[in-house]
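[1] Have a look at this prediction, sequence included:
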Amino acid sequence: MATLGLATWFCIALVLGGDVFPLATAAEPPEVGGSAEPRLTIESDSACPSGPAVLDALATLVPPAEWPSGMVRIQSDADTLAVELISDGSSTQRRLHVAADCGLRATTVALVIVTWTGQLASDAAGTPVLRGQTAGTHGEVPVQAPPVTVSTPSVVATAAERELGAGLLLSVSGGIAPGVRIDFVETRAPRGLGWLVGLTLPAQRQSAAAPGTIRWTRAAANIAMNGRLTLHRLVVSADLGLAGAYTFTSTDGYSIDQGSEALTGGLVAGMRLAVPWRRMRVWTDVRAYKWLFPQTIAFDALTGGRVATVELPSFDLQWAMGLAYLFR
């Protein structure tokens, strides 16, 4: 009887032990955590949008395994973003007009990336769609986001920019003279051709012509073709065109003091560097004028003899600094 009791208790303990201390069984291998080194690197000089925010938006468009290889640089400037894609040794850049919402900015940059690389999936009708990220838990079904429409031309097209500026200058031909300049420029961004018109008014310069002195100045107007290139935040432009000037002269120290005016024309060439600042641009430039028609001031005595002659410079070299307001 005692033996039967021990056997009974042994069986009971074995059954209970199986519940409390279960035997080890083979299971499915656990999912590997973490992720490989990303194929795509995103650098942003601003938190709106930040690099991680763009990556999150990109993941809703294309699975990370299908991301292109390369680097994306983002530079923020007021209401625009400069996006540069560097892949396989080549570089492509676009400037986008965006709203202030950081989430919308991140989504816009993600759309540009997948549009560039041709990775954006579409439905049967050819409409781009957003795809949800692959679920990390068994049994969950990926959710497909509603379709969105991508307007590619508005992203990749260059934009016309217009700026009206004014500045102070120094003219260094035939003496040093300060002056003012007003310019209007229309060109394409981030690079392209356009045109420029400007007005320049230096102060009077003085030359000695025995027995007196003369004072003169040239008020110039010019129109030129303008080419522009954007290097990160620096805008580099050059122009070449035609110029016309109205020359004013006056005399002092002669028996009869009088002034005269004359027209002349020539060529103009310049180069400008500008840095954006909100809706403004701070710029500096160098401009050279070559006058094709010589100008000479002659002084005759009352008896008819020639007293003196003064030849005005056939070129003007100017350096200027100024501020321009940017229109889009």
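    Ah, there it is. Residues are numbered from 1 along each chain as shown.
[2] And for Gly165, the neighbour number?
    By other Cβ atoms under 10 Å, the residues close to Gly165 number 23. (Glycine included, C-beta is placed from N, CA and C.)
[3] Please tell me I have it right and Leu317 contacts Gly175.
    No - contact criterion Cβ atoms under 8 Å: Leu317 and Gly175 do not qualify, at 12.0 Å.
[4] helix or strand for Ser173, which one?
    With secondary structure defined by DSSP states H and E, Ser173 is part of neither a helix nor a strand.
[5] ignore the last one, Phe293
    Short version: Phe293 belongs to no helix or strand, going by DSSP H and E.
[6] Once you drop chain neighbours, what's closest to it?
    If the residues on either side of it in the chain are set aside, Phe293 comes closest to Thr264, at 4.7 Å by Cβ to Cβ, 6 or more residues apart in numbering.
[7] Domains in this protein, by residue range?
    Listed by automatic domain parsing, the domain ranges of the chain are 39-133+144-156, 159-327.
[8] Just the buried positions in whichever helix or strand Leu196 is part of, please.
    Using DSSP H and E, Leu196 sits within strand 191-202. When burial is assessed from 16 or more other Cβ atoms under 10 Å, strand 191-202 yields the following buried residues: 191-192, 194, 196, 198, 200, 202.
[9] Adding distance to Thr247 as columns, could you present the residues you listed in TSV?
    Converted to TSV, those look like this (distance: Cβ to Cβ, whole Å):
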residue	distance to Thr247
Arg191	38
Gly192	36
Gly194	30
Leu196	23
Gly198	18
Thr200	13
Pro202	11
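[10] Kindly indicate which of those lies nearest Val62.
    The shortest gap between Val62 and any of the buried residues of strand 191-202 belongs to Arg191, at 28.8 Å (Cβ to Cβ).
[11] Does that closest one touch Asn226 like I think?
    No - assessed by Cβ under 8 Å, Arg191 is found out of contact with Asn226, at 11.7 Å.
[12] beta partners of the residue nearest to Phe293?
    Judged by DSSP bridges, the bridge partners of Thr264 are Ala245.
[13] where does this structure have low pLDDT?
    For the chain, the stretches with pLDDT under 70 are 1-39, 117-158, 209-211, 253-259, 299-308.
[14] can you give me the helices for it?
    Under the criterion DSSP state H, the chain contains helices at 2-20, 51-59, 102-117, 152-156.
[15] What are the contacting residues of the second one?
    Going back to what we said before, that points to helix 51-59. Applying Cβ atoms under 8 Å, 6 or more residues apart in numbering, the contact partners of helix 51-59 are 38, 40, 42-44, 67, 72, 74, 102-103, 106-107, 109-110, 113-114, 133.
[16] Nearest spatial neighbour of Gln93, chain-adjacent residues omitted?
    Nearest residue to Gln93 in three dimensions, chain neighbours excluded: Glu84, at 4.5 Å (Cβ to Cβ, 6+ apart).
[17] cool, Cys48 as well?
    Among residues not flanking Cys48 along the chain, Cys102 sits closest, at 4.0 Å (Cβ to Cβ, 6+ apart).
[18] Just give the number of residues close to the one you found.
    15.
[19] hang on, it packs against Ser76?
    No - using Cβ under 8 Å as the test, Cys102 is too far from Ser76 to be in contact (10.1 Å).
[20] Identify the contacts common to the two.
    Residues touching both Cys102 and Ser76 (Cβ under 8 Å, 6+ apart) are Cys48.
[21] got the contact list for the residue nearest to Cys48?
    Taking Cβ under 8 Å, 6+ apart as the test, what Cys102 contacts is 47-50, 53.
[22] Could you report the distance from it to Leu96?
    14 Å (Cβ to Cβ, to the nearest Å).
[23] beta partners for the residue nearest to Gln93?
    Applying DSSP bridges, one finds that Glu84 bridges with Arg73, Gln93.
[24] surely it meets Val72?
    Yes - between Glu84 and Val72 there is a contact under Cβ under 8 Å: 7.0 Å.
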